[in-house]
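# no sequence for this one, just the structure:
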């Protein structure tokens, strides 16, 4: 069966451009503002939305996303409330793919079977669970695929050709290429190195490859969009949200601060497609 993620990437491939994948943390800075932000993202140009599941020990995340998770947890965000956020978004948007991203512990506590049932009912399309390696696929990956959810795996600069087939074996939807070694938001992605890495991954899979962990602005997004099927932006959006807060709470510009940056980065992604069209290049 095809998912919203499959259909969205296929449509964008037909248009000749990369996807803009945006990440925000569920419940940051509060449930109502978080929902307003998620609802604003498609209009701002987001093609796929990743929603972070707050966790107290986010080992792969840099300071910005760590702080976002803590703000959400302090505000009372739970995995159940995160699924409610997805469900509320789906009430007004039937097409934009939703991917939940985070760590296995909250899902394990919730119960895998119950989580997959409730995630599917909420309109979730895919999962990124960064601390479950391929050796643990029976834990969540295979049940998720059976439930009709894409399971999106991370590949990194240290994932060599020997390891890559195992990483890709049960991956679906798209491959998330981590363009830098380290945590989220640590450095800017290098388009030349990223392009070579994407080409190498594509020799092993027909899945789209989206690049994240180092995309900060429209210029960088345009460069990455020229060599990948998707551009993932997270820390920059989360930092824009943080900067808009007033005494740690949502301010009058919080929703627009995130949407405006997403709109700017989307323009960068779209400009790459126009440049490719003018030069006759294609991904």
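Received it, and whenever you're ready, just let me know what you need. As the structure is a prediction and not an experimental result, all values here were calculated from the model.

# pull the contacting residues for residue 53.
26, 79, 82, 100, 101, 102, 103, 106, 107 (C-beta atoms under 8 Å, 6 or more residues apart in numbering). Yep, even glycine has a C-beta here, placed from its N, CA and C like the rest.

# can you check residue 269 too?
Taking C-beta under 8 Å, 6+ apart, one finds 17, 18, 19, 20, 45, 221, 222, 225, 231 in contact with residue 269.

# if we can go back for a sec, what about the contacts of residue 53, which are in strands?
If you go by DSSP state E, those have 100, 101, 102 in strands.

# which among those residues end up buried?
The neighbour-count test (16 or more other C-beta atoms under 10 Å) marks 100, 101, 102 as buried among the ones in strands among the contacts of residue 53.

# leaving out chain neighbours, which residue sits closest to the last one?
Spatially, and ignoring its direct neighbours in sequence, residue 102 is nearest to residue 53 (3.3 Å; C-beta to C-beta, 6 or more residues apart in numbering).

# equivalent analysis for the second one, please.
The spatially closest residue to residue 101, leaving aside those adjacent along the chain, is residue 128, at 4.1 Å (C-beta to C-beta, 6+ apart).

# which SSE is immediately downstream of the helix or strand harbouring that neighbour?
Using DSSP states H and E, residue 128 falls within strand 126-129. Going down the chain from strand 126-129, the next helix or strand is helix 141-146, by DSSP H and E.

# what ranges does the chain have for its strands?
Counting by DSSP E, the strands of the chain are 19-25, 48-52, 98-102, 126-129, 150-151, 154-155, 175-178, 209-212, 230-233.

# packing partners for the last one?
Packed against strand 230-233 by the contact rule (3 or more C-beta pairs under 8 Å, 6 or more residues apart in numbering; DSSP states H and E) you find strand 19-25, strand 209-212, helix 218-225, helix 254-279.

# give me that answer again for 6 Å
Applying 3 or more C-beta pairs under 6 Å, 6 or more residues apart in numbering; DSSP states H and E, we find strand 230-233 packed against strand 19-25, strand 209-212, helix 218-225.

# quick check: mean pLDDT of that strand?
Averaged across strand 230-233, pLDDT comes to 97.

# in its sheet, which strands sit next to it, and in what direction?
Using DSSP bridges, strand 230-233 pairs in its sheet with strand 19-25 (parallel), strand 209-212 (parallel).

# can I get those in CSV with distance to residue 118?
Output for those, formatted as CSV (distance: least, C-beta to C-beta, whole Å):
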stretch, distance to residue 118
strand 19-25, 19
strand 209-212, 26
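
# right, and those - which one's nearest residue 256?
Distance to residue 256, taken as C-beta to C-beta, is lowest for strand 19-25 among the strands paired with strand 230-233, at 13.8 Å.

# looking at the strands paired with strand 230-233, which is closest to residue 119?
Nearest to residue 119, of all those, is strand 19-25, at 17.1 Å by C-beta to C-beta.

# show me what the mean pLDDT comes to for that closest one.
98.

# got it, and stretch 107-114?
On average, stretch 107-114 scores 98.

# give me the buried positions along it.
If you call a residue buried by 16+ other C-beta under 10 Å, then stretch 107-114 has these buried ones: 107, 110.

# how long is that stretch from one end to the other?
Distance between the two ends of stretch 107-114: 9 Å, counting by C-alpha to C-alpha, to the nearest Å.
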